[in-house]
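Student: Quick one, what's the 3D model for this:
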Amino acid sequence: MINVRFLNGAGQGFGTTVQANDHTELKDFLEMHAPGSDPQNFLIRVNGQIATKNTILQDGDRVSMTPTKVAGA
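Tutor: Reported below is the predicted structural model:
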């Protein structure tokens with residue numbers, strides 16, 4: 001198991017440390033921790049760098065999910 005800091009800007013707006021299996025791909029992580037969110041509507045970064053859906057997460061990584069469109073803006 002690895003620990004990942006997840007900063008979720010998808011309406012929940014909080015950061016928390018969550019556990020994931022070793023060798024978890026970013027797309028699987030998001031399906032588990034942000035169900036129903038369309039990744040195309042977010043800027044997704046791992047450790048401050050834009051990441052692809054196939055990025056393999058490592059222990060201590062920081063995943064951030066920021067909406068690209070804000071309702072009412």
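
Student: show me what contacts the nearest residue to residue 25 once chain neighbours are set aside?
Tutor: Excluding its sequence neighbours, the residue lying closest to residue 25 (Cβ to Cβ, 6 or more residues apart in numbering) is residue 54, at 5.6 Å. In this view, the C-beta of every residue, glycine as well, is placed from N, C-alpha and C. Residue 54 makes contact with 25, 26, 27, according to Cβ atoms under 8 Å, 6 or more residues apart in numbering.

Student: per-residue pLDDT, residue 54?
Tutor: You'll see residue 54 listed with a pLDDT of 93.

Student: quick one on the thing from earlier: in ChimeraX, how would I select the buried members of the contacts of residue 54?
Tutor: In ChimeraX, this line selects whichever of the contacts of residue 54 come out buried by 16 or more other Cβ atoms under 10 Å:
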select :26
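
Student: now residue 38: how far from residue 69?
Tutor: Distance, residue 38 to residue 69, by Cβ to Cβ, to the nearest Å: 11 Å.

Student: Show me where this protein has its helices.
Tutor: 26-33 (DSSP state H).

Student: ok, which stretches of it are strands?
Tutor: 2-8, 14-20, 42-46, 49-50, 62-67 (DSSP state E).
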